[in-house]
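# Okay, sequence plus prediction incoming.
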Amino acid sequence: MAKLSFKYATMNSGKTVDLLRTAYNYEENNGKVIIIKPKIDTKGDENIVSRLGLSRKVDYLVYYDDELFDILKGKLTDVDAILVDEAQFLSKKQIDDLSIISCVMNIDVICYGLRVNFRGLLFEGSKRLLEVADSIDELVTLCECRKVARYVGRKEDGIFKMDGPEIIIDGSKKNIEYVPLCKECYLKKVRKIDFDNIKDILK
């Protein structure tokens, strides 16, 4: 039985490389894949691009309010897998539609994306994937302190910020930078939690 899978991690974890490797594995074994990317992710335009320099043209760029049933109607013959890059940017309905497609059409759907935004809150698409995915896997990357990074901080002109729009695409503005962080570093550097003060309070 086909599955809807969610592979999540912060940046620099190899999500795009894993997607490209998965596509290659299917095709090397005479399988057929469809690759989807949200249009809002302007990095690479109609290509998915890894930080290692690997890239591939996607089959469909989708807007937030696009109907996936309309886009994929008549396109799923002999398709073995649908791979989705930056799935956190999809709508709840689009995730639901992918779940239905996977089940009804018996096609594996593998979604790659971030779990939380720079405020530590779930993206809409990620939230729905955590609710409905048949398989959930974490891809691991490290914080600069070498602990596992599960958070992302947004720097503006070199300073961590908690305000501003939820979505600013990596690389679209020169003064914006995203940094993978472990929980401790996120609390200290982004949320400015004074650990020593709280220890004193709790003694």
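Right, received. Where do you want to start? Numbering: from 1, shown residues only.
# name the helices or strands packed onto the helix-or-strand element of the chain with minimal mean pLDDT?
Scoring the helices and strands of the chain by mean pLDDT, DSSP states H and E places strand 47-49 at the bottom, with a mean of 84. Contacts defined by 3 or more CB pairs under 8 Å, 6 or more residues apart in numbering; DSSP states H and E place strand 47-49 against helix 15-28, strand 55-57. From N, CA and C alone the C-beta is placed, and that goes for glycine too.
# Now with 10 Å, please.
Where contact means 3 or more CB pairs under 10 Å, 6 or more residues apart in numbering; DSSP states H and E, strand 47-49 is packed against helix 15-28, strand 33-38, strand 55-57.
# Pull up the gap between the residue most central in space within the chain and N175, please.
The centre of the chain sits closest to G113, judged by CA atoms, centre = their mean, with a distance of 1.1 Å. Distance of G113 to N175, computed by CB to CB, to the nearest Å: 24 Å.
# quick one: the strands in the protein?
4-8, 33-38, 47-49, 55-57, 60-62, 81-84, 108-113, 135-138, 151-156, 159-161, 176-181 (DSSP state E).
# would you turn the ones you listed into CSV with distance to D170?
Shown next, in CSV, are the strands of the chain (distance: least, CB to CB, whole Å):
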stretch, distance to D170
strand 4-8, 16
strand 33-38, 13
strand 47-49, 11
strand 55-57, 15
strand 60-62, 17
strand 81-84, 18
strand 108-113, 13
strand 135-138, 20
strand 151-156, 10
strand 159-161, 15
strand 176-181, 5
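# looking at these, which one has the lowest mean pLDDT?
Least confident of those, judged by mean pLDDT, is strand 47-49 with a mean of 84.
# Low-confidence stretches in this protein?
Counting by pLDDT under 70, the chain contains low-confidence ranges at 171-172.
# Once you drop chain neighbours, what's closest to D80?
In this structure, D80 finds its nearest non-sequential neighbour in G31, 4.0 Å apart by CB to CB, 6 or more residues apart in numbering.
# list the contacts for that neighbour?
23, 25, 78-81, 108 (CB atoms under 10 Å, 6 or more residues apart in numbering).
# Weed out the non-buried ones from those.
23, 79-81, 108 (16 or more other CB atoms under 10 Å).
# ok, those vs V190, which is closest?
A23 (34.2 Å; CB to CB).
# who touches the residue nearest to that closest one when sequence neighbours are not counted in this structure?
Spatial nearest neighbour of A23, chain neighbours left out: V33 (4.9 Å); criterion: CB to CB, 6+ apart. Residues near V33 by CB under 10 Å, 6+ apart: 19, 22-27, 59, 79-83, 107-108, 110.
# Out of those residues, which two sit at the greatest distance?
Top of the distance list for the contacts of V33 (CB to CB): Y24 and I107, 18.0 Å.
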